[in-house]
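Asker: Quick one, what's the 3D model for this:
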Amino acid sequence: MRPLLPVLVAALVFPLLGAVPPASAAPRRQIGYSQWDTSAELRSGTSTGTRISRGRVVLDGSGTRTRAYRGTTYDEGRWLSPWISPGFGLTELVASWSARTPGDSWIEVSVRGRAADGPRSSWDVLGRWASGDRFVRRTTVSGQPDDLAAVNVDTWVAARPAGLTSWQLRVSLLRRVAAASSSPSLDTVGAVASRLPSGAPATSAPGPARGIVLDVPRYSQMSHRGHYPQWGGGGEAWCSPTSTSMVLGYYDALPPPSSYAWVPAGHVDPWVDAAARATYDADYQGTGNWPFNTAYAADLAGHAFVTRLRSLRAAERYIALGIPLVASISFGAGELSGAPISSSNGHLLVIVGFTKSGDVVVNDPAAPTRAGVRRTYDRAQFENAWLPTSGGTVYVITDDAHPVPRATRSTG
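Answerer: Prediction:
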């Protein structure tokens, strides 16, 4: 379960740096996603104590500083993105990334913004992240309401109704002093900034994925009820890592057995337990952190990020390309017919396809067992549970065989 704030932002998706909304876009439903991935894109930022090598940001030893954290001293280098102006007053931002953090190393992702009348915000921490949990506590830092924005778990929320006109990311790479063999590296980083009016849009017309259903494996979060209280306790708390695991299973990219050898024999789908451990947010005290899930998935499948879509018609473009989507929804009693739970203030499931009439075929992990995971939901009911609540938030997880073309990434 992932409790959601009322959404104040938009539902068009423009994941490419500098992408321009199509002329047909509704003027108030706005999103701008910017991403840095290639060496050329990463070099457009500013490096201090880091350098770009083979498409990754790495520590270079010159210009690094030292930083104490939880009783340990680390070498620290930084990478700053260019300032990004999405062309509207953003009211929310969610960052996502792909990185490697061997040994006692980790990264910290922060954001700051600028208002139309000139003031800049302070740097707000969006996440302190490591792939493991032996040395560093993976966590967000909710709050930080000192000036122009504050943090709600993984989402940066502007304090002014008019929003902010531009934003900038900062990624700090940290490794324990004198542990050069355990250096972190940053592969990809991006953020989706958005603005959305209240209320749900009209139900979208069915599109190119009618009649397509992807063969995504089915796992039940409820079969893990009571597992590992220190990582959320399974059951209703594990919808996100279970959904992420289903998509990884689709790409044959589940973690190797050695990564969940600590799970006792007899546990169903032990890779879900491993995913819950690897996505747990110590401050939020849950596994529903959106970018923590995509960071985990990116290392296994190859590519993953958080974004928002305009409608199910946009989701159909991904399905038509063979890319399932993890979607964040919220609904009350009687609002989602056929759901295995009566209501939820924050739930993750996998969009796996569409019927010929355009209704949504999903793998809903809230089913009691694998046998009940595959469900079909009414198109209008699903959009009402998805767009006004999370703004159409999805995890896009892909492998090299299923790239996301520019045309799909830059249209809503």
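
Asker: mind listing what the nearest residue to E316 once chain neighbours are set aside touches?
Answerer: In space, and not counting its chain neighbours, E316 is closest to A209: 3.6 Å by Cβ to Cβ, 6 or more residues apart in numbering. C-beta: built from backbone N, CA, C; applies to glycine. Neighbouring residues of A209 by Cβ atoms under 8 Å, 6 or more residues apart in numbering: 315-317, 319-320, 353-354.

Asker: cool, L93 as well?
Answerer: Here L93 is in contact with 111, 113, 155-156, 167, 191-194 (Cβ under 8 Å, 6+ apart).

Asker: Selecting buried members of those in ChimeraX, what would you type?
Answerer: Here is the ChimeraX selection string for the buried members of these, based on 16 or more other Cβ atoms under 10 Å:
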select :111,113,155,156,167,191,192,193,194
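
Asker: would you turn the contacts of L93 into a markdown table with pLDDT, distance to M222 and secondary structure?
Answerer: As requested, the contacts of L93 are exported to a markdown table (pLDDT from 0 to 100; distance: Cβ to Cβ, whole Å; DSSP: H, G, I helix; E, B strand; the rest coil):
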| residue | pLDDT | distance to M222 | secondary structure |
| --- | --- | --- | --- |
| V111 | 98 | 36 | strand |
| G113 | 97 | 40 | strand |
| T155 | 97 | 27 | strand |
| W156 | 97 | 32 | strand |
| W167 | 98 | 39 | strand |
| A191 | 98 | 33 | strand |
| V192 | 97 | 30 | strand |
| A193 | 96 | 35 | strand |
| S194 | 96 | 32 | strand |
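
Asker: would a markdown table of the contacts of L93 with distance to V216 be doable?
Answerer: A markdown table is the format used below for these (distance: Cβ to Cβ, whole Å):
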| residue | distance to V216 |
| --- | --- |
| V111 | 33 |
| G113 | 37 |
| T155 | 27 |
| W156 | 31 |
| W167 | 34 |
| A191 | 27 |
| V192 | 24 |
| A193 | 30 |
| S194 | 27 |
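
Asker: Specify which member of the contacts of L93 is nearest to V404.
Answerer: Taking Cβ to Cβ as the measure, V404 sits nearest to V192 out of the contacts of L93, at 13.9 Å.

Asker: Show me what that closest one is bridged to.
Answerer: Y33, V94 (DSSP bridges).

Asker: avg pLDDT for the helix or strand encompassing G346?
Answerer: Per DSSP states H and E: G346 is located in strand 344-354. Strand 344-354 carries an average pLDDT of 98.

Asker: Can you name every helix or strand that the very next helix or strand once past it contacts?
Answerer: Counting by DSSP H and E, the element after strand 344-354 in chain order, helix or strand, is strand 360-363. If contacts are counted by 3 or more Cβ pairs under 8 Å, 6 or more residues apart in numbering; DSSP states H and E, strand 360-363 sits against strand 344-354, strand 374-377.

Asker: and the first one, how far out from the chain's middle?
Answerer: For strand 344-354, the distance from its own C-alpha centre to the chain's C-alpha centre is 14 Å (Cα atoms, centre = their mean, to the nearest Å).

Asker: for the last one, same thing?
Answerer: When distances are taken as Cα atoms, centre = their mean, strand 374-377 is centred 23 Å away from the chain's centroid.

Asker: partners of it, with directions?
Answerer: If you go by DSSP bridges, strand 374-377 pairs up with strand 360-363 (antiparallel).

Asker: G338: neighbour count?
Answerer: For G338, the count of nearby residues is 11 (other Cβ atoms under 10 Å).

Asker: Show me the strands in the stretch 51-200 of the chain, by range?
Answerer: Applying DSSP state E, counting those that start in this stretch to the stretch 51-200 of the chain gives strands spanning 56-59, 65-69, 72-80, 92-100, 105-114, 124-129, 149-152, 155-158, 166-176, 185-195.

Asker: is it possible to export the ones you listed to a markdown table including distance to G235?
Answerer: Formatted as a markdown table, those follow (distance: least, Cβ to Cβ, whole Å):
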| stretch | distance to G235 |
| --- | --- |
| strand 56-59 | 38 |
| strand 65-69 | 33 |
| strand 72-80 | 35 |
| strand 92-100 | 26 |
| strand 105-114 | 29 |
| strand 124-129 | 25 |
| strand 149-152 | 24 |
| strand 155-158 | 24 |
| strand 166-176 | 34 |
| strand 185-195 | 29 |
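
Asker: and of those, who's closest to D215?
Answerer: Among those, strand 92-100 sits nearest to D215 (Cβ to Cβ), with 25.5 Å.

Asker: Just want the angle from that closest one to strand 166-176.
Answerer: Per axes from the mean of the first three to the mean of the last three Cα atoms, to 10 degrees, the angle that strand 92-100 makes with strand 166-176 is 30 degrees.

Asker: Just want the angle from strand 92-100 to strand 105-114.
Answerer: Using the same axes, to 10 degrees: strand 92-100 against strand 105-114 is 150 degrees.

Asker: Off-centre distance for strand 92-100?
Answerer: Using Cα atoms, centre = their mean, the offset of strand 92-100 from its chain centre is 7 Å.

Asker: quick check: angle from that strand to strand 124-129?
Answerer: Using the same axes, to 10 degrees: strand 92-100 against strand 124-129 is 30 degrees.

Asker: List the buried residues of strand 92-100.
Answerer: Here strand 92-100 shows 92-100 as buried, counting by 16+ other Cβ under 10 Å.

Asker: Then stretch 115-129?
Answerer: Buried, per 16+ other Cβ under 10 Å, within stretch 115-129: 115, 121, 124-129.

Asker: got it, and stretch 312-330?
Answerer: 312-321, 323-330.

Asker: Now, the residues you listed that are in helices?
Answerer: 312-320 (DSSP state H).

Asker: which residues of the stretch 1-150 of the chain score low on pLDDT?
Answerer: By pLDDT under 70, the weakly predicted segments of the stretch 1-150 of the chain are 1-2, 5-28.

Asker: again, only this time at 50
Answerer: 6-27 (pLDDT under 50).

Asker: Could you give the bridge partners of the nearest residue to A282 once chain neighbours are set aside?
Answerer: Residue nearest to A282 in three dimensions, not counting chain neighbours: T139, with 4.2 Å by Cβ to Cβ, 6+ apart. Note on T139: beta-bridge partners by DSSP bridges are R128.
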